[in-house]
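J.: Quick one: sequence plus predicted model below, questions after.
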Amino acid sequence: MRKLVFFLAVVLVCGLLFSQQITLRMIQVFTSPLRTKILEEIISKFEAQNPGVKIELISPPYETAYQKIYLMVSAEEPLDIVEVGDWSLSALASMGKLLSLESYLAKSDLVKYFVPGVLEAARTYKGTAYLLPNAIYVKTLFYRPDVISKYGITSPAKTMDELLEHCRRLTKPEIGQFGFTFRGKGYPTAFIDIVMTSFFDNIDPNCMYLKKDGKLIFEDPRALEGLKFYIELYKTAPKDSINWGFDEQVNAFASGITPYLFQDPDTVGLLNEIMKQGTYKTAPLPIGRGGKAYPTIGFAGWGITSYSKYKDLAWKFLEFFNSPAINAYWCREYGALPVDMRVYEQDPFFKSETFHGWTAMFEDEKHYQFTKYPLDNEAWSEWNELHETTMQQVLLGKMKPEDALRVWADFWKKAGLVKK
Amino acid sequence: MKKSKLRFLMLLPTFILILFVNLYPLARGGVISFQRLTVFNLNNPRFIGWSNYKTIIRDPDFLRILWNTFIWITLSVTFQFLLGLILALLLAKSFPGRGLYMGLVFYPWALSGFAIGLLWSWLLNGQFGIVNDILIRLGILKFPVGFLSDERFAMFSVILVNVWYGIPFFAIMLLAAIQSIPRELYEAAEIDGAGFWRRLFSITLPYIRPTIYNTILLRTIWVMNFPDIIYGMTRGGPAGTTNILAVHMINVVYYRNNFGLASALGMIIASIMTVFAVIYLALLERGEFEL
């Protein structure tokens, strides 16, 4: 018996000594139960293909995720793969703790199949790729055909004026029916900008807040016109929506209270869970009085920490995540747009009617000009708080739209967006 | 070994612990408040003197945030105390099902502040909220009210929720104090013909006075540093209507990623609370709050 125990102990010690278990630590930002489940499934597939490798997923609550990542990365706490969103890329990259992925990209086949714009997005910070985008996010118009048809509206709004007219027709507060799913808090910037810039015809393709002549949009009379229009649109939304973030917006849309919604493709995954098939559709963003609409391409992906001990293995996971099959699975289940062109050809899901809004916008270069936010500007994160608060003041009538525009123009001048 | 030396050695671990847990973070926060420390220069902070403090004081919204903080604390603590005292007095008597009833009324205290914030943000939602629904069905309202989106109601709504949350704390503390009052005092008072109010003001309140003072002091500090409910319900909105110092500090960290500015705000909060605590304790010493 003693011999047996001794033998087993020796086997156990040898097993522990010679096992080559490698653990990669990975952190996500946009945590939700649905997303975590999908991520865990992808991780298990990778682990199955790579015996001896384990990926430990850290999923902090969304509200505090960025702060956690900033502090972990700055203190060089064990982390190999970090989720990087477009709005956090510059901040994280400027800390010098993200690995340049250029040498890996140079050897990878993935680049050949990237959707146009993805590589440029990866290189937002100083022209170097510090992340590998795994999905792209572009806002489009979601609408409820079942609801709008009850009010004699047969096709979704094609222009902003038409949208306002529809929303006014739909708004019947006495029966709890409204037009537009408004967003007052939780980064409402993109919603305001989509409406305001649609009054322009000369937005800089490289910066949402500049005109092609290099001047700020906020000092142009068309910005005032756009902002006043946005205030009119708010009147067709529940007053309460000044306090709405993503959850309330989607809830109001799904319940039919507000049948028009601007949102990103990750809303698709959620809507497919809570709504019956065919009860919602997508259409291109309405074009404004400037004859255009200016969507931005948002993106999120994975970066590798510069101090990771397992950089090559981490890259292997990133490549696996972006392989057509996994990228299709990720985007289909979660709802974002794939970054690999092959996915659009191979997977019928992305040719379905659900994606009509996006495909129509991508094909219509005349009316849809994609542009970018000044994400590499240090003032960007401060801008979101200022923009949200001042816009709420405008909507409540505590600040004139002219004054808000002046505040915004001064802010970006101070932040050095306009070259003197 | 001398007795005094031994005492010092025995207390040393506690001193070290306090040093690390309390004093170090405070000192570190103080240093950061004089630095430019954002996410862009986390590893390379720069000393900028009083600049962060000047930014805060020059902020046109700062006075309003201070006022909001004052209203938030005063109304929350006052109503939490009054209603907590009533609850404690009611629960001091024995009645059938008292245990179950106590469990139910103390329940809010067991929940996290953020969870309460989120829960009530849905309950008070102007569109789908059950509170509006009940008030409309009862005929009290004709149309839904934007409890959290209407400037007139937002602050009172968050205070109401905070009161709901804080009552159990006062009730628990005061109930424990009330239960320690010797029964003979009441019996003697009853024989002398003292009624409810006389017994309350001559026996109960004087006897539980130390507990009242300590709980009010503690609760005032906690409520000031308690952004959870407001953050979960309004994030300080709409348009800053419910913005208090603690919420402002969170917004400065989460939105602006400016840790230097947030530390300066933290130091301002700590200073205000220190001044309040010193004045409160000094008045207590002088017997200014005698009942």
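T.: On my side now, so go ahead.

J.: Put the alpha carbons of the helix or strand hosting residue B:216 into PDB.
T.: Residue B:216 is part of helix B:205-224 when elements are defined by DSSP states H and E. Output of helix B:205-224 as PDB, limited to C-alpha atoms (Å, rounded to 0.1, in the frame of the first residue of the first chain):
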ATOM      1  CA  LEU B 205     -34.800  60.000  23.400                       C
ATOM      2  CA  PRO B 206     -32.500  61.100  26.200                       C
ATOM      3  CA  TYR B 207     -31.500  57.400  26.800                       C
ATOM      4  CA  ILE B 208     -30.700  56.700  23.100                       C
ATOM      5  CA  ARG B 209     -29.100  60.100  22.500                       C
ATOM      6  CA  PRO B 210     -25.500  58.800  22.000                       C
ATOM      7  CA  THR B 211     -26.800  56.400  19.400                       C
ATOM      8  CA  ILE B 212     -28.800  59.200  17.600                       C
ATOM      9  CA  TYR B 213     -25.700  61.400  17.500                       C
ATOM     10  CA  ASN B 214     -23.400  58.700  16.200                       C
ATOM     11  CA  THR B 215     -25.800  57.400  13.600                       C
ATOM     12  CA  ILE B 216     -26.600  60.900  12.300                       C
ATOM     13  CA  LEU B 217     -22.900  61.600  12.000                       C
ATOM     14  CA  LEU B 218     -22.100  58.300  10.300                       C
ATOM     15  CA  ARG B 219     -25.000  58.500   8.000                       C
ATOM     16  CA  THR B 220     -24.300  62.100   6.900                       C
ATOM     17  CA  ILE B 221     -20.800  61.000   5.900                       C
ATOM     18  CA  TRP B 222     -22.100  57.900   4.200                       C
ATOM     19  CA  VAL B 223     -24.800  59.700   2.300                       C
ATOM     20  CA  MET B 224     -22.400  62.300   1.100                       C
END
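
J.: List the contacts of residue B:69.
T.: B:224, B:244, B:245, B:246 (C-beta atoms under 8 Å, 6 or more residues apart in numbering or on different chains). For the C-beta atoms, the positions are set from N, CA and C on the backbone; glycine is no exception.

J.: One more pass at 6 Å, please.
T.: Residues near residue B:69 by C-beta atoms under 6 Å, 6 or more residues apart in numbering or on different chains: B:244, B:245.

J.: can you check residue B:83 too?
T.: residue B:167.

J.: Shouldn't it be within a helix?
T.: Yes - under DSSP: H, G, I helix; E, B strand; the rest coil, residue B:83 falls within a helix.

J.: measure it to residue B:206 for me?
T.: Look at residue B:83 and residue B:206: by C-beta to C-beta, to the nearest Å, they are 21 Å apart.

J.: in stretch B:92-109, what's buried?
T.: If you call a residue buried by 16 or more other C-beta atoms under 10 Å in any protein chain shown, then stretch B:92-109 has these buried ones: B:102, B:105, B:106.

J.: no, scratch that, I was asking about stretch A:310-323
T.: Buried residues in stretch A:310-323, counted by 16+ other C-beta under 10 Å: A:310, A:311, A:313, A:314, A:315, A:316, A:317, A:318, A:320, A:321, A:322.

J.: That stretch: how far from the chain's middle?
T.: 22 Å (C-alpha atoms, centre = their mean, to the nearest Å).

J.: would you put the C-alpha positions of it in PDB?
T.: Extracted in PDB, the C-alpha atoms of stretch A:310-323 (Å, rounded to 0.1, in the frame of the first residue of the first chain):
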ATOM      1  CA  TYR A 310       2.900  34.600 -24.800                       C
ATOM      2  CA  LYS A 311       2.600  37.100 -27.600                       C
ATOM      3  CA  ASP A 312       2.700  34.600 -30.400                       C
ATOM      4  CA  LEU A 313       0.100  32.400 -28.800                       C
ATOM      5  CA  ALA A 314      -2.100  35.500 -28.200                       C
ATOM      6  CA  TRP A 315      -1.800  36.400 -31.900                       C
ATOM      7  CA  LYS A 316      -2.800  32.800 -32.700                       C
ATOM      8  CA  PHE A 317      -6.000  33.300 -30.800                       C
ATOM      9  CA  LEU A 318      -6.600  36.600 -32.500                       C
ATOM     10  CA  GLU A 319      -6.200  35.000 -35.900                       C
ATOM     11  CA  PHE A 320      -8.500  32.200 -34.800                       C
ATOM     12  CA  PHE A 321     -11.100  34.700 -33.600                       C
ATOM     13  CA  ASN A 322     -11.000  36.400 -37.000                       C
ATOM     14  CA  SER A 323     -11.100  33.300 -39.100                       C
END
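
J.: Quick one: mean pLDDT for that stretch?
T.: For stretch A:310-323, mean pLDDT is 95.

J.: ok, and the closest non-adjacent residue to residue B:106?
T.: Using C-beta to C-beta, 6 or more residues apart in numbering or on different chains and skipping the chain neighbours, the partner closest in space to residue B:106 is residue B:168 (4.3 Å).

J.: and the one you found, how many residues sit next to it?
T.: By the criterion of other C-beta atoms under 10 Å in any protein chain shown, residue B:168 has 22 neighbours.

J.: For whichever strand or helix holds it, name the packing helices and strands.
T.: Following DSSP H and E, one finds residue B:168 within helix B:151-179. In terms of contacts (3 or more C-beta pairs under 6 Å, 6 or more residues apart in numbering or on different chains; DSSP states H and E), helix B:151-179 is packed against helix B:62-92, helix B:205-224, helix B:228-233.
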